[in-house]
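# Model the structure of this input:
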Amino acid sequence: MREHSRVHPHARPRSHPRGRSRERARALARRIDAATPPGRDRALDALRALAILGVVLGHWLVTALVADSGSLRVESPLGHRPELTPVSWVFQTLAVFFLVGGHVAARGHAAARARGVSHGRWIATRLGRLFRPVVPLLAVWAAATAVMFGCGVPWETVWTLGRLVLSPLWFLLVLAALTAATPLAARVHPLWPLAVVLHVDLIRFGLGGPDGPDWLGLLGWLNLPAGWLVPYTLGVLLARRGAPPPGVAWTLLLGGATATGLLVAFAGYPGSMVGVPGAPVSNLSPPTLAAVTFGLAQCGAAVLLLGPLRRALRRPLAWAVVALLNLRAMTVFLWHQTAMIAVTAGALFAAGLVGRPPLTGLHTVPDTYAWVLARFAWLPLFTGALIVCCAVFHAYERAPRGAPRSTSRSASRSAPRSAPQGTPRNSRDIGTPRTAAAPHARPDTRTEARHA
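The predicted structure follows:
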């Protein structure tokens, strides 16, 4: 007699673990999509995410910590292989950061004024959230420095590692200064700071360049605020007047690219858009006219990408990836150098224990294509270390409980709906803001969104 198995009427069919993971990912993406205000410009978040990835990958690919006689020094494959210079054109994305920063700050300041928030309170809130994630970085590296000195690590190595870790902070200082000056920047046309950079370069390079008197080198640092004010004011204009016609964006892209090519080919500017150890002139320290014209080309390309990015980010899964990266943007930016250092130092220590020589792609001179290929093989370990850093320190991106906020439900209800919904609420201005448009969103997503 054949036996018939009984199936419980409420039993669910078993699914494959991979299928369950995909379904959970899709469910999370749908919750993030539902918790995002309709007026939020997702393309700006995508541009920020692309800029972050450019900075991280750029640093990981062109920075080599070379083990030499018991100490570490920094070298770059760009110094040994000039044919790799175009790599810097892809991964030097700072102008996009300042373009998005100016756009978001202008909208945020306008929304704050509409709610009756004072300029001082708005600035204090934004700068507090901007610099809060820096505190654990400084604390960790202060302790690490003490440990290294206690273990007899050479001063040159400590100095090298400290410069790598703290070098991204200049960006935050410049961004903070420009953010504080947002009302003034709204009155400045981008041509004004561009003219300042032009005249500073004419003076410092026309009177001797790197071999000239010391005061010329000091004069060049006027380009630090002026050079990055150009894309910042472009972002402010974008917020005030909307996206320009495609012809204007193409003019920025092609005009900036042409000007950069001419400056490199005929005016003696270096071709690399990032600093190269040992080079007499850097396009970034301080910014040169070539770096600014290159940034104009990037801004033109970014404006042209706004439409395609908006269409692509209508898909919940694509938007979820961008939103989650933006929620951790500051942590990724601040800790990516630490992740690379941790893998490099750990591998050097392990190689010494087993009696192996320095490892290609980590500790050797970056003068061969074998080094480049080996560095790509190390990128997954760098990424894993960065994920660990994000898991540990991401909480410092959030405002502490009980801290005053620049936005509130009552203020959002009293302000015009279009401004707050499209205006990011964090100094980082990233992620998926909380909105009443998604009453059925789960608490975990809304908690994350609250800090965006």
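# What is the end-to-end distance of stretch 125-142?
26 Å (Cα to Cα, to the nearest Å).
# secondary structure class for residue 355?
With DSSP: H, G, I helix; E, B strand; the rest coil as the basis, the three-state label of residue 355 is coil.
# How many neighbouring residues does it have?
Neighbour count for residue 355, taken as other Cβ atoms under 10 Å: 6. Every residue, glycine included, has its C-beta placed from N, CA and C.
# Equivalent analysis for residue 63, please.
Other residues near residue 63 come to 21 when the count uses other Cβ under 10 Å.
# cool, and residue 131?
When neighbours are defined as other Cβ under 10 Å, residue 131 has 15 of them.
# you'd agree it is up against residue 176?
Yes - in this structure, residue 131 is within contact of residue 176 by Cβ atoms under 8 Å, at 7.3 Å.
# mean confidence for the strand or helix carrying residue 215?
Taking DSSP states H and E as the definition, residue 215 sits inside helix 214-220. Model confidence over helix 214-220 averages 82 on the pLDDT scale.
# Give me the distance from it to the chain's centre.
Averaging C-alpha positions (Cα atoms, centre = their mean, to the nearest Å) puts helix 214-220 29 Å from its chain's average.
# For the remainder of this discussion, apply numbering that starts at 769.
Yep, numbering from 769; the last one is helix 982-988 now.
# which parts of the helix or strand just after it are buried?
Where DSSP H and E defines the elements, the next helix or strand beyond helix 982-988 is helix 991-1009. Of the residues in helix 991-1009, those buried by neighbour count under the rule 16 or more other Cβ atoms under 10 Å are 991-1007.
# Output helix 991-1009 as PDB - backbone C-alpha positions only.
This file holds the C-alpha atoms of helix 991-1009, laid out as PDB (Å, rounded to 0.1, in the frame of the first residue of the first chain):
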ATOM      1  CA  ASN A 991      45.100  78.500  -4.700                       C
ATOM      2  CA  LEU A 992      44.000  76.100  -2.000                       C
ATOM      3  CA  PRO A 993      40.800  77.900  -1.100                       C
ATOM      4  CA  ALA A 994      40.500  79.600  -4.500                       C
ATOM      5  CA  GLY A 995      41.000  76.500  -6.600                       C
ATOM      6  CA  TRP A 996      38.300  74.400  -4.800                       C
ATOM      7  CA  LEU A 997      36.000  77.400  -4.600                       C
ATOM      8  CA  VAL A 998      35.600  77.100  -8.400                       C
ATOM      9  CA  PRO A 999      33.700  73.700  -8.400                       C
ATOM     10  CA  TYR A1000      32.000  74.700  -5.000                       C
ATOM     11  CA  THR A1001      30.500  77.800  -6.500                       C
ATOM     12  CA  LEU A1002      29.400  75.800  -9.600                       C
ATOM     13  CA  GLY A1003      27.500  73.500  -7.200                       C
ATOM     14  CA  VAL A1004      25.900  76.600  -5.600                       C
ATOM     15  CA  LEU A1005      24.800  77.800  -9.000                       C
ATOM     16  CA  LEU A1006      23.500  74.400  -9.800                       C
ATOM     17  CA  ALA A1007      21.300  74.500  -6.700                       C
ATOM     18  CA  ARG A1008      20.000  78.000  -7.300                       C
ATOM     19  CA  ARG A1009      19.400  77.800 -11.100                       C
END
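# Specify the next element, helix or strand, located C-terminal of that helix.
Of the helices and strands lying after helix 991-1009 in sequence (DSSP H and E), the nearest is helix 1014-1034.
# Tell me which other helices or strands the very next helix or strand once past that next one touches.
In the C-terminal direction, the helix or strand that comes right after helix 1014-1034 (DSSP H and E) is helix 1057-1080. Helices and strands touching helix 1057-1080, by 3 or more Cβ pairs under 8 Å, 6 or more residues apart in numbering; DSSP states H and E, are helix 810-830, helix 862-882, helix 959-974, helix 991-1009, helix 1014-1034.
# Looking at the ones you listed, which is nearest to residue 920?
helix 810-830 (28.0 Å; Cβ to Cβ).
# elements contacting that closest one?
On a contact count with 3+ Cβ pairs under 8 Å, 6+ apart, helix 810-830 meets helix 845-848, helix 854-859, helix 862-882, helix 1057-1080, helix 1084-1095, helix 1097-1121, helix 1137-1161.
# Quick check: which of those is buried the most?
Highest mean neighbour count of those: helix 862-882, a mean of 25 (counted as mean count of other Cβ atoms under 10 Å).
# Residue 1013 versus the spatially most central residue of the chain, what's the distance?
Central residue of the chain (Cα atoms, centre = their mean): residue 820, 3.2 Å from the mean position. Shown here: residue 820 relative to residue 1013, a distance of 29 Å by Cβ to Cβ, to the nearest Å.
# quick one, what contacts residue 1099?
901, 1157, 1158, 1161, 1162, 1164, 1165 (Cβ atoms under 8 Å, 6 or more residues apart in numbering).
# redo that, cut-off 6 Å
Taking Cβ atoms under 6 Å, 6 or more residues apart in numbering, we find residue 1099 in contact with 1158, 1161, 1162, 1165.
# coming back round to it: including mean pLDDT, could the helices and strands packed on helix 810-830 go into JSON lines?
As requested, the helices and strands packed on helix 810-830 are exported to JSON lines (pLDDT from 0 to 100):
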{"stretch": "helix 845-848", "mean pLDDT": "92"}
{"stretch": "helix 854-859", "mean pLDDT": "92"}
{"stretch": "helix 862-882", "mean pLDDT": "93"}
{"stretch": "helix 1057-1080", "mean pLDDT": "96"}
{"stretch": "helix 1084-1095", "mean pLDDT": "91"}
{"stretch": "helix 1097-1121", "mean pLDDT": "92"}
{"stretch": "helix 1137-1161", "mean pLDDT": "95"}
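# who wins for proximity to residue 940 among the ones you listed?
In terms of Cβ to Cβ, the element of these nearest to residue 940 is helix 1097-1121, at 8.5 Å.
# chain center to that closest one: distance?
A distance of 18 Å separates the C-alpha centroid of helix 1097-1121 from that of its chain, computed with Cα atoms, centre = their mean.
# again, but for stretch 809-825
Stretch 809-825 sits 7 Å away from the centroid of its parent chain (Cα atoms, centre = their mean).
# what's next to that stretch, contact-wise?
For stretch 809-825, the surrounding residues in contact (Cβ under 6 Å, 6+ apart) are 859, 861, 864-865, 868, 1070, 1074, 1077-1078, 1081, 1087, 1090, 1093-1094, 1097, 1100, 1104, 1190.
# go again using 7 Å as the cut-off
Residues outside stretch 809-825 that contact it (Cβ atoms under 7 Å, 6 or more residues apart in numbering): 859, 861, 864-865, 868, 871-872, 1070, 1074, 1077-1078, 1081, 1087, 1090-1091, 1093-1094, 1097, 1100-1101, 1104, 1190, 1198.
# Excluding residues flanking it in the chain, which one is nearest residue 956?
By the measure of Cβ to Cβ, 6 or more residues apart in numbering, the closest residue to residue 956 outside its immediate chain neighbours is residue 1001, 5.2 Å from it.
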